[in-house]
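J.: Return atomic coordinates for the entry below.
(one chain, ligands or ions: 2)
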Amino acid sequence: MSYQQHLTLQHHPLVHPLLFHTSNMAYTYSPTTTFFPKHHLRSTTINCTSSSPPPTTVTTTNNRQPVPLLPFSAKYVPFNSITDESYSLDEIIYRSSSGGLLDVQHDMNALKQFDGKYWRTLFDSRVGRATWPYGSGVWSKKEWVLPEIDNDDIISCFEGNSNLFWAERYGKENLSGMNDLWVKHCGISHTGSFKDLGMTVLVSQVNRLRKMNKPLVGVGCASTGDTSAALSAYCAAAGIPSIVFLPANKISMAQLVQPIANGAFVLSMDTDFDGCMKLIREITSELPIYLANSLNSLRLEGQKTAAIEILQQFNWEVPDWVIIPGGNLGNIYAFYKGFKMCEELGLVDRIPRLVCAQAANANPLYLNYKSGWKNFTPVKATTTFASAIQIGDPVSIDRAVYALKNSDGIVEEATEEELMDEMAAADATGMFVCPHTGVALVALRKLRERGVIGRSDRTVVVSTAHGLKFSQAKIDYHSKAIEGMGCKFANPPVEVKAEYSAVMDVLTKYLSKVS
Ligand SMILES: Cc1ncc(COP(=O)(O)O)c(C=O)c1O
Ligand SMILES: N[C@@H](CCOP(=O)(O)O)C(=O)O
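T.: Ligands and ions are numbered 1, 2, ... in the order given. Coordinates of the predicted model:
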C-alpha cells in the first residue's frame, strides 16, 4: 500500500492528514470535530504534543518515512504567460506588470502528493456536514481554493452544494427526446446567484488582509446586479464596508434592493455596466477600496468549485457538454479551471466541451468566435432581458478565449424573443429560471437542432441566478406586454366572476383542452 493510499484509508475525513505529522511532533485528533462554531474548531480540534504518535498518526506500513510536510500554497502569476513574475495572495494587486490579467496558481506538485482517489474521497466526505468551513461547497475544496487562509478568517454563508436538477421533461418534450439533460441551479444560493461562490473567497481574503493591517477600508464593485448583491451580503456578514456602482435603471428591482438592504453604499450611475466598470477600476487604484469584480482572480477560485461539484454530483463521471451564459466572462474560465484541475490531479480523465451563450444584444465573444478568434472588438451592449449579461467590453475576454480554445468550445447567441420563449418553456416544465439561463437553453436548442449535441449526450446547463430576481420580465412576458414579441408561451391568469356557473364554464373548457 502506498503512503497516499494509506492516508486515504486512515485519516479522518474532516481533518487534513498533512496536519498530522511533522518530523518531531505528533498531533492527536480529537474525535469531537462534529461541533460547529468556528471558535471551537480552533481551540479543540487538534491537540499538539511532542510525545509519541497517537494511534491516528499517519505511518506507512512498509516502514517508509512519512513524506515531508508539504503545505499547500497558491500565488498570483500573469495569466497564460511564461515568466518568473509572481505575487503573494496577500498583496493588493489585480494586474500583471505588463497590464495583463492575473491567475491564481496552485502548487500542483504539493497537491499531486495525493492521488485522485484521495481527493474524491476527501471532498465527498465533507458534503452536507455542518463542520466549519467544510460544509460550504466552496470551502469543502479549501486546499484547492485558498489553502493558506485560517479557518477563522473565512466569511462563509455555506454557499454551493447547489441542486443538479434532472431536466427530464424539458429534455424529452422540448429537445427531441434528450434524456440526459441537467440544470445546475447555481442561483439557488444565499443571494440568489453563482456570485456567492466567488465572493466568499474574496471577502474572506479581505478579512485576512484587514487583520494583517493592510490599508483596506472597504470593498467595491461595478455590477449588473448579482455581484453587488453577493458583495454587500458577505461584507455585511463580515462587518466590512461595501461600495457598489450600478448602472441606473438597468438592473431588476429585486437586485437593487439587495445591497440597499445589506447596508452597502450604493451609487446609481447614468451609464451602463462597462462605464461603471471603468470607473471602479480607476477609483480602486486611488482609494483604499479592494476591487471585487472578477478581474480580481481570487473570485474565480470560488466559482471554479461549481465545476468540481458537478463532477462530484455525477459520481465523478464527466458530462459531455457544459453550457454557461457569459457576460464579463470570468465564469466560463472558472469552470474550465475547475474541470482542468480535476483532470490534472487525477480525479477524472477528461474535461467536458464548454459552450458559452450570449445575448445577441451583448455578444462580443460570439462575434469574436464567428470571426475565427481574430482581433477582439468590444461592442456597445444594448438592452436585454438578460440584463446581468448586458456587457460589451468583458474584462475576462482573454480568459474566456483560452477556456474555449482548450475545451473544443463553442459560442452561441440568443435573441430577445428566443431567450424569453425558452425561459418560459423551461418554467412550464417545473423550473423557474432567470433569462440568462434562457440564453443558455437557446444555445442548447440550436446545437441540438444542428446535431452538434446528440440526443443522449450528457449535458449540463448552468443556471446562474434565481428566477425570482427577474419576476418583472416574467410578468411582462405572461401579460404579453412586450412590444414586438409574440410571447407564445404566455399563460396569463383568467379573470372570472366569483360565481359557480362562470367558474364551471371556464374549468370545463380548460379540462377539455388538457385531457
Ligand atoms: C445571472 C448571471 N448570469 C451570467 C453572468 C455571466 O457571468 P460572467 O460575467 O462571469 O461571464 C452574470 C454576470 O455577469 C450573471 O449575473
Ligand atoms: N453579472 C455581473 C457583472 C460583473 O461580473 P463580475 O463577475 O466581473 O463581477 C454582476 O452581477 O454584476
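
J.: Check for me that residue 91 belongs to a helix.
T.: No - counting by DSSP: H, G, I helix; E, B strand; the rest coil, residue 91 falls outside a helix, being coil.

J.: do you know how far the nearest residue to it once chain neighbours are set aside is from ligand 1?
T.: Distances taken as Cβ to Cβ, 6 or more residues apart in numbering put residue 76 closest to residue 91, at 7.3 Å, once the chain neighbours are dropped. (Each C-beta comes from the backbone N, C-alpha and C, glycine too.) As judged by Cβ to the nearest ligand atom, to the nearest Å, residue 76 and ligand 1 stand 19 Å apart.

J.: Could I get the phi/psi values of residue 76?
T.: When read as degrees, to the nearest 10, the backbone of residue 76 gives phi -80, psi 140.

J.: show me what contacts it?
T.: Neighbouring residues of residue 76 by Cβ atoms under 8 Å, 6 or more residues apart in numbering: 86-89, 91, 93, 102-105, 297.

J.: Tell me what it is bridged to.
T.: residue 87, residue 104 (DSSP bridges).

J.: Return the distance of it relative to residue 332.
T.: 20 Å (Cβ to Cβ, to the nearest Å).

J.: ok, back up a step: which of the contacts of residue 76 count as buried?
T.: 89, 102-104, 297 (16 or more other Cβ atoms under 10 Å).

J.: so which pair among these is furthest apart in space?
T.: Maximum pairwise distance in these, criterion Cβ to Cβ, is 11.7 Å, between 89 and 103.

J.: Would you mind pulling the contact partners of stretch 442-455?
T.: Stretch 442-455 is contacted from outside by 174-179, 181, 320-321, 323, 355, 357, 410, 412-414, 418-419, 422, 459, 461, using Cβ under 8 Å, 6+ apart.

J.: what about that stretch, how long is it end to end?
T.: Between the opening and closing residues of stretch 442-455 lies a distance of 16 Å (Cα to Cα, to the nearest Å).

J.: Quick check: buried residues in it?
T.: Across stretch 442-455, burial judged by 16+ other Cβ under 10 Å covers 442-448, 453.

J.: Would you mind listing what in this protein touches ligand 1?
T.: 193, 224, 226, 294, 325-331, 388-389, 434, 436, 464-465 (Cβ under 6 Å from any ligand atom).

J.: Just the buried positions in stretch 170-179, please.
T.: Residues of stretch 170-179 classed as buried by neighbour count (16+ other Cβ under 10 Å): 170-171, 174-175, 178.

J.: quick one: contacts for the closest residue to ligand 2 within the stretch 351-500 of the chain?
T.: Of all residues in the stretch 351-500 of the chain, residue 388 sits closest to ligand 2, at 4.1 Å by Cβ to the nearest ligand atom. Residues near residue 388 by Cβ under 8 Å, 6+ apart: 193, 224-226, 251, 255, 327, 434, 436, 464-465.

J.: If we ignore the residues flanking it in sequence, what's nearest the residue nearest to the spatial centre of the chain?
T.: Nearest residue to the geometric centre of the chain (Cα atoms, centre = their mean): residue 303, 3.2 Å. Excluding the flanking residues, the one nearest residue 303 by Cβ to Cβ, 6+ apart is residue 334, at 3.6 Å.
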